[in-house]
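Asker: Here is a sequence together with a model predicted from it:
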Amino acid sequence: MAISPSLKSWDVAVVGEIYADHVFSGFPSWPGPGEEVIAENYVRELGGGTINTACALSRLGRRVRLVGLIGDADLDWFEGRLGEFGVSMDGIRLGSDGTGITVSVSTVEDRSFFTYPGVNRSLPELLATSEIVADLSAARHVHFAMPLPRDLASTLLPLLREAECTTSLDVGYSPAWLQDPVNRLSCRDVDLFLPNDKEVALLCGDDAPSSYEAWSAAAGIARAVMKQGARGAWIADARGLRRVPAPRIEAVDSTGAGDAFDAGVIDGLLDGESIDGCVERGCICGALCTTAAGALESLPHPQPLRTLREQTYGS
């Protein structure tokens, strides 16, 4: 049942792990033990799918509640940067363990990541509190950008459904979570499960759309979506298996494109679009996100989304 926006405080609550990204790039080669190489470029930015999806939805005009944890030392930086996207800090809690940190180190051929979870370790405990449940229940839709523990999902998701919230889940590349059969129940219990093809391979053993369709049917997932980046996305439901192509666009950097895709799908869901229309929006948002370096600067505004959608799908 569609919920009137006037009856909810937020269009979307985005929940998950929050990171400070430190991105080093332009290394000529990978250092050996005890060696030093010099980066040509360095960027510090707010990071993680939670941040990217929340900022994308806000830029699309949605009322967004961002829920997560950061270290108290980073309050001013986060408040200022999120404010540029119209996202408030009211749903953020402060912890003493320090903000989660990801260091990205890249050469021309490849890149590697080093991550310290920090205060994110306390996120499942936070989400189990009655205060946070009430906060999430005030949203029309709740998006989890995290590997949601099954014991938490089994209690939290029914409460959100009772509060007439729709839900979505993007666990990211989390091999242990994706390969644990118990989490199939969580994939079934949300309204939208949004893996990419690499994550699907961990679920099914390969990334063939037909394999994901069979896996989803066995898991009881009524509407299955699989992201494939520049190749678009796949949908599997009662109408069968079908592909939604991505628009042709000159890509600069794919960072955050999957998170922008999630925002486009959720944006369509809030407007009551069919699943095909939601995934079209997702493909457009993901594509537009690749047109500049970094995840945040190229997040789409509503007008470019509408224009590129008309050009690509004629709707």
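Answerer: Thanks, I have the structure now. What you are looking at is a predicted structure, and each value in this text was computed from that prediction instead of being measured.
Asker: Now do the buried residues in the worst-scoring helix or strand of the chain on mean pLDDT.
Answerer: One helix or strand of the chain scores below all others by mean pLDDT, DSSP states H and E: helix 302-313, with a mean of 82. Neighbour counts over helix 302-313 (16 or more other CB atoms under 10 Å) mark 305, 308, 309, 312, 313 as buried. Glycine gets a C-beta too; all of them are placed from N, C-alpha and C.
Asker: what's the answer for stretch 244-255, then?
Answerer: 244, 246, 247, 249, 255.
Asker: tell me the contacts of the last one?
Answerer: Taking CB atoms under 8 Å, 6 or more residues apart in numbering, we find residue 255 in contact with 293, 294, 295.
Asker: ok now the least confident helix or strand of the chain, how far from the chain's centre?
Answerer: Relative to the chain's own centre, helix 302-313 is displaced by 21 Å; criterion: CA atoms, centre = their mean, to the nearest Å.
Asker: element containing residue 159, please.
Answerer: Element membership of residue 159 [criterion: DSSP states H and E] is helix 150-162.
Asker: before we move on, back to that, return the list of helices and strands in contact with the least confident helix or strand of the chain.
Answerer: helix 275-289 (3 or more CB pairs under 8 Å, 6 or more residues apart in numbering; DSSP states H and E).
Asker: I figured residue 249 hits residue 291, correct?
Answerer: Yes - using CB atoms under 8 Å, residue 249 is in contact with residue 291, at 6.6 Å.
Asker: which regions of the stretch 51-200 of the chain sit below the pLDDT cut-off?
Answerer: Within the stretch 51-200 of the chain, the ranges that satisfy pLDDT under 70 run 108-110.
Asker: Can you give me the neighbour number for the residue nearest to residue 118 when sequence neighbours are not counted?
Answerer: The spatially closest residue to residue 118, leaving aside those adjacent along the chain, is residue 100, at 4.0 Å (CB to CB, 6 or more residues apart in numbering). Per other CB atoms under 10 Å, the neighbour tally for residue 100 reads 24.
Asker: And residue 100, how close does it get to residue 267?
Answerer: 27 Å (CB to CB, to the nearest Å).
Asker: Tell me, how many residues neighbour residue 241?
Answerer: 16.
Asker: contacting residues around it?
Answerer: Contacts of residue 241 (CB under 8 Å, 6+ apart): 209, 210, 213, 234, 235.
Asker: Show me what it is bridged to.
Answerer: Residues in a beta bridge with residue 241, per DSSP bridges, are residue 236.
Asker: one step back: can you flag the buried ones in the contacts of residue 255?
Answerer: 294, 295.
Asker: Which one of the contacts of residue 255 is nearest to residue 171?
Answerer: residue 295 (17.8 Å; CB to CB).
Asker: thought the closest one was touching residue 50?
Answerer: No - the pair residue 295 / residue 50 is not scored as a contact, 11.5 Å apart, by CB under 8 Å.
Asker: Next, the distance between the ends of stretch 126-140.
Answerer: 20 Å (CA to CA, to the nearest Å).
Asker: How far off centre is it?
Answerer: Using CA atoms, centre = their mean, the offset of stretch 126-140 from its chain centre is 19 Å.
Asker: Going by neighbour count, list what's buried in it.
Answerer: Buried residues in stretch 126-140 (16+ other CB under 10 Å): 126, 127, 132, 135, 136, 137, 139, 140.
Asker: Spatially, and excluding backbone neighbours, which residue is closest to the last one.
Answerer: Excluding the flanking residues, the one nearest residue 140 by CB to CB, 6+ apart is residue 8, at 4.7 Å.
Asker: Alright, calling it a day.
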